[in-house]
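Student: Sequence plus predicted model, see below.
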Amino acid sequence: MPIPDFQSIMLPFLEVLSDGQERSMKEMVSLLADRFGMSESDLAEVLPSGQQTVFSNRVAWAKTHMKKAGLVDNPSRGRVRLSSCGREVLEKQPAAVNMKFLKQFDGYPEFIAGSAASDAAKTKTAEEIEEEDATPLEQLESAYAEWKAAVSDELLERLSEVSPAFFEQVVVRLLQAMGYGGGVDSGEVTSYARDGGIDGVIREDKLGLDVVCLQAKRWQGTVGRPVVQAFVGSMDLIRAKKGVILTTGRFSDDAKTFVDRIEGKRVVLIDGKRLAEFMIEHDVGVTTKTVYRLKEVSGDFFEEGLDQ
């Protein structure tokens with residue numbers, strides 16, 4: 001089943017705590033997962049950053065909103081319990097508990113107003129925020145993923161416009177930025193007259209005893225097995241055992257199967273999508289526009305027993 005949004009989790013969250021027990025957030029995630037009939041694959045789904053699961057993030061935000069409304073308490077770090085106000089809510093058997101429902105409690109409207117005022121992308125009304133299913137972290141990561149995808153598309157578009165020689169220099173620089181090579185002069189673009197299908201080489205050590213061959217295909221379409229097979233054969237000209245083929249397009253299934261079956265050599269295929277991702281990750285052809293640092297309260301700082 002689809003992972004429930006954080007507002008749909010609110011009422012079940014309160015109902016799980018209706019027995020009066022104090023529970024850890026980890027336990028709450030597990031109990032709510034059972035309540036919603038979540039599968040293992042559902043629970044394993046993570047946010048784009050890979051730092052937190054989607055479901056646990058939504059459970060945490062459901063708790064945050066209800067805490068702001070006074071329906072749940074945090075008696076200690078990472079633990080929750082139903083408040084007297086929360087118990088009164090359950091006694092009234094509401095059909096749903098959501099952001100609109102929480103507006104009746106003191107303090108919560110101010111919390112929502114603050115959320116609307118702090119939106120840097122655009123000014124949102126409290127009513128618009130109430131309609132959102134995604135948590136703030138999900139919205140942030142979704143916006144980042146969308147921005148990254150747009151940059152990736154632009155990178156591939158720009159690469160398709162440059163000369164073959166420039167593209168070959170780009171891939172050599174990228175491999176060096178990724179940590180391959182024995183120094184700043186460890187890579188070079190080979191001569192067109194004698195490259196034999198090899199567009200560049202990276203010397204993994206200062207003496208050049210271990211060499212990685214490169215081939216750069218500035219193509220929009222599919223790179224097939226014949227191209228890959230010819231490259232592998234040309235590696236013998238310089239007795240290389242390692243190779244990388246990079247393309248702005250994609251590789252055929254036949255080409256991928258071929259490199260998996262090669263004996264005595266190791267060849268890696270990098271398609272346009274991975275190429276753009278690597279360029280962004282290693283700052284090749286891109287610049288950092290803005291840096292946002294997300295911070296959270298340090299539980300360790302407020303633990304009792306800190307040195308005075």
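Tutor: Noted; the coordinates are in hand.
Student: switch to C-alpha atoms for all contacts and neighbour counts from now on
Tutor: Fine.
Student: right, and Met279 touches Gly272 too?
Tutor: No. Judged on CA atoms under 8 Å, Met279 makes no contact with Gly272 at a distance of 10.5 Å.
Student: so where's the stretch 1-150 of the chain shaky on pLDDT?
Tutor: Along the stretch 1-150 of the chain, the model assigns pLDDT under 70 to residues 1, 114-133, 146.
Student: what ranges do the strands span in it?
Tutor: 23-24, 72-73, 79-82 (DSSP state E, counting those that start in this stretch).
Student: got the contact list for the last one?
Tutor: Strand 79-82 is touched from outside by 14, 17-18, 20-25, 71-75, with contacts defined as CA atoms under 8 Å, 6 or more residues apart in numbering.
Student: In helices only, show me those.
Tutor: When DSSP state H is applied, the contacts of strand 79-82 are split such that Leu14, Met25 fall in helices.
Student: what would the contacts of strand 79-82 look like in JSON lines with distance to Arg225 and neighbour count?
Tutor: Compiled in JSON lines, the contacts of strand 79-82 are given as follows (distance: CA to CA, whole Å; neighbours: other CA atoms under 10 Å):
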{"residue": "Leu14", "distance to Arg225": "58", "neighbour count": "23"}
{"residue": "Leu17", "distance to Arg225": "60", "neighbour count": "19"}
{"residue": "Ser18", "distance to Arg225": "63", "neighbour count": "16"}
{"residue": "Gly20", "distance to Arg225": "65", "neighbour count": "12"}
{"residue": "Gln21", "distance to Arg225": "63", "neighbour count": "11"}
{"residue": "Glu22", "distance to Arg225": "61", "neighbour count": "16"}
{"residue": "Arg23", "distance to Arg225": "57", "neighbour count": "17"}
{"residue": "Ser24", "distance to Arg225": "55", "neighbour count": "15"}
{"residue": "Met25", "distance to Arg225": "52", "neighbour count": "17"}
{"residue": "Leu71", "distance to Arg225": "62", "neighbour count": "23"}
{"residue": "Val72", "distance to Arg225": "61", "neighbour count": "23"}
{"residue": "Asp73", "distance to Arg225": "62", "neighbour count": "20"}
{"residue": "Asn74", "distance to Arg225": "60", "neighbour count": "17"}
{"residue": "Pro75", "distance to Arg225": "63", "neighbour count": "11"}
